[in-house]
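Q: pasting a predicted model and its sequence here:
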Amino acid sequence: MQKDLLELTLTTLDGMKAKAVNNMNVSALTNVSDYMIFSTGNSSRHVRSIADKIAENVKKEGHSILGIEGYERSQWVLIDLGNIIVHIMMAETREFYKLEDLWSL
């Protein structure tokens, strides 16, 4: 089931033309989630649209969303799918926080 959700999320990101998608297995680093997915949107509207489509597809396939953060400002939207955390960011925000560097230590 987790693999299906992971594949669904990655396929949705690709279909919505998210940029620089990076899927990281962080299961050895934390017990919060098994995967972190980082991606970039071209604009705040694009970030929001990607988040909307992921939420729509996940619900349609019968999976649960534990939370969505940052939707209003849409510089960085985080979607908590349980064992998968999805980060959709504007390029400037992604560059500023460099979260992937923190998780790849």
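A: Sure thing, it's come through.

Q: which element is A20 on?
A: strand 19-25 (DSSP states H and E).

Q: and for L10?
A: helix 2-15.

Q: likewise for R45?
A: Going by DSSP H and E, R45 is part of helix 44-60.

Q: would you mind getting the angle between the strand holding A20 and helix 2-15?
A: Strand 19-25 runs at 170 degrees relative to helix 2-15, counting by axes from the mean of the first three to the mean of the last three C-alpha atoms, to 10 degrees.

Q: so which bits of strand 19-25 are buried?
A: Buried residues in strand 19-25, counted by 16 or more other C-beta atoms under 10 Å: M24. All C-beta atoms are positioned from the backbone trio N, CA, C, and that covers glycine.

Q: which outside residues touch the lowest-mean-pLDDT helix or strand in the chain?
A: In the chain, the helix or strand scored least confidently by mean pLDDT, DSSP states H and E is helix 99-103, which has a mean of 91. By C-beta atoms under 8 Å, 6 or more residues apart in numbering, the surrounding residues in contact with helix 99-103 are 22, 24, 26, 29, 36, 38, 87.

Q: now with 10 Å, please.
A: Helix 99-103 has contacts (C-beta atoms under 10 Å, 6 or more residues apart in numbering) with 20, 22, 24-26, 29-30, 36, 38, 76, 87, 89, 93-94.

Q: quickly find the element holding the residue nearest to the spatial centre of the chain.
A: A centroid search over the chain (C-alpha atoms, centre = their mean) returns V86, at 1.9 Å, as the residue closest to the centre. Using DSSP H and E, V86 maps to strand 84-90.
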